[in-house]
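Asker: got a sequence here, can you model it:
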Amino acid sequence: MAMADRIAVMNAGRIEQAGSPAEIYGRPRTRFVADFIGEINLFAGAWRSGVFYSASGAALPANAQGRAGPATIAIRPERIRFVPAAEAVFSGTIGSANYLGGHVLYRVATDGTKLLVRETGAVRPVGSAVGVAWSAVDAVALED
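Answerer: Numbers count the residues shown, from 1 in each chain. Okay, here's the model as predicted:
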């Protein structure tokens, strides 16, 4: 992605999405593109009355924009942040912390959900209890 100002992601010989690297990474249109370009958290569920509910029934931050029915939302690990328990969308435990130079990639285990969270700064200890959250604008509603 660093060598082009426009990218086309192909799936089975067809263009799945074309756009700038920032568009493809930050606003993928389909699950295939979201999963193909970098690490991402995917949540299957459904839109009901303007709210996205995960398959487990949890209401998750996302902009409905007139959507209804079954759907998947995607959130990049750097868009998720650690928060106090009272502000958390999910609470869980850090299962691993991989120091990658300018940031740390955490794998957080919650009740039935595993999340990737990317953060800069000091490494948080494995086994730490954490709360995680994101803004509704950071959740991308996928077309499939």
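Asker: going forward, measure contacts between C-alpha atoms and count neighbours the same way
Answerer: Noted.
Asker: find the centremost residue of this structure, please.
Answerer: Ile75 (1.8 Å; CA atoms, centre = their mean).
Asker: show me the contacts for it.
Answerer: By CA atoms under 8 Å, 6 or more residues apart in numbering, the contact list for Ile75 reads Ile40, Asn41, Leu42, Asp138, Ala139, Val140.
Asker: the same query, at a cut-off of 6 Å, please.
Answerer: By CA atoms under 6 Å, 6 or more residues apart in numbering, the residues touching Ile75 are Ile40, Asn41, Ala139.
Asker: now swap in Leu115 and tell me
Answerer: Taking CA under 6 Å, 6+ apart as the test, what Leu115 contacts is Arg107, Val108.
Asker: the domain parsing of the protein - what is it?
Answerer: What automatic domain parsing lists as the domains of the chain is 1-38, 39-141.
Asker: could you single out the most deeply buried of the ones you listed?
Answerer: The highest mean neighbour count among the domains of the chain, using mean count of other CA atoms under 10 Å, belongs to domain 39-141: a mean of 17.
Asker: what is the end-to-end distance of it?
Answerer: One end of domain 39-141 to the other measures 16 Å (CA to CA, to the nearest Å).
Asker: distance between that domain and the chain's centre?
Answerer: Centroid displacement of domain 39-141 relative to its chain, using CA atoms, centre = their mean, to the nearest Å, is 6 Å.
Asker: picking up where we left off before, and the gap between the residue nearest to the centre of the chain and Phe90?
Answerer: When Ile75 is compared with Phe90 (using CA to CA), they lie 14 Å apart.
Asker: average pLDDT for stretch 60-70?
Answerer: Throughout stretch 60-70, pLDDT has a mean value of 88.
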